[in-house]
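> sequence first, predicted coordinates after that:
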Amino acid sequence: MSGLISRRVASTPVRTAAATWKQVVELLVPTESSPARVELMKVRGVACASIASEATKDCPIVVHGGGPRVRVYCVFGDDALTGDGVDESALVATPTDGDWAMSIPCLAEDLSWCRGELAAVSSRVTARVVGADVGAGTSAAAEATIDAEEFRKS
């Protein structure tokens with residue numbers, strides 16, 4: 001199954017970063033006893049840092065797996081207050097059922113910290129720098145560099 005679903009969740013000043021993450025988790029995992037909800041609550045520190053830095057304003061949290069890809073953006077400031085562009089409607093299917101993964105955007109200066117924190121608590125949730133495609137920046141290959149001197153020797 002393919003497709004793309006987007007949601008926009010109101011954040012500051014309507015909600016704190018922690019309350020925004022709670023809303024995102026409830027949207028993605030409606031069942032409280034789900035193992036996915038437990039896992040997403042373990043990554044709340046990184047998620048809250050991402051939300052507080054407004055990395056999620058133009059670069060979404062992305063959940064992908066067996067169903068449609070879900071993008072979750074956060075709405076800030078006056079738009080959050082007025083509800084302009086906010087869409088927190090329930091999803092038809094739960095994107096965290098079955099085999100799923102999540103990518104959280106973060107600021108470049110926070111990337112190492114975010115990756116370390118996530119690796120310690122989750123095998124499904126990764127961090128990427130704001131602006132990077134999902135998948136680019138979640139693997140060691142994305143951090144590889146080319147040694148020009150060695151390249152020229154061949």
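Arrived safely.
> burial of Glu54, as a residue count?
Neighbour count for Glu54, taken as other C-beta atoms under 10 Å: 17. Any C-beta I mention is one placed from the backbone N, CA and C, and that applies to glycine too.
> do the one 3 residues further on as well
As a burial measure, Lys57 scores 18 neighbours (other C-beta under 10 Å).
> surely it is within a helix?
No. Counting by DSSP: H, G, I helix; E, B strand; the rest coil, Lys57 is not found in a helix; it is coil.
> give me the phi and psi for it.
For Lys57, the backbone dihedrals (degrees, to the nearest 10) come out as phi -70, psi -50.
> how much space between it and Gly131?
In this view, Lys57 and Gly131 are 12 Å apart by C-beta to C-beta, to the nearest Å.
> mind listing the shared neighbours of the two?
Here Lys57 and Gly131 share no contacting residue, scored by C-beta atoms under 8 Å, 6 or more residues apart in numbering.
> sec struct for Val72, please.
Recorded secondary structure, Val72: strand (three-state DSSP).
> what separates it from Val86, distance-wise?
Distance from Val72 to Val86, counting by C-beta to C-beta: 12 Å.
> the more surrounded of those two?
Val72 (23 against 19).
> tell me what the more buried one is bridged to.
Under DSSP bridges, the beta-bridge partners of Val72 are Arg7, Ile61.
> shouldn't it be in contact with Ala10?
No. Look at Val72 against Ala10 with C-beta atoms under 8 Å: they stay out of range, at 11.8 Å.
> please, where are all the strands along the chain?
Assigned by DSSP state E, the strands in the chain fall at 4-10, 61-65, 69-75, 100-106, 125-129.
> pipe those into CSV and attach distance to Leu27 per row.
Shown next, in CSV, are the strands of the chain (distance: least, C-beta to C-beta, whole Å):
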stretch, distance to Leu27
strand 4-10, 6
strand 61-65, 10
strand 69-75, 7
strand 100-106, 13
strand 125-129, 16
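> got a markdown table for those, with distance to Arg44 and mean pLDDT too?
Output for these, formatted as a markdown table (distance: least, C-beta to C-beta, whole Å; pLDDT from 0 to 100):
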| stretch | distance to Arg44 | mean pLDDT |
| --- | --- | --- |
| strand 4-10 | 14 | 96 |
| strand 61-65 | 12 | 93 |
| strand 69-75 | 14 | 97 |
| strand 100-106 | 11 | 97 |
| strand 125-129 | 11 | 97 |
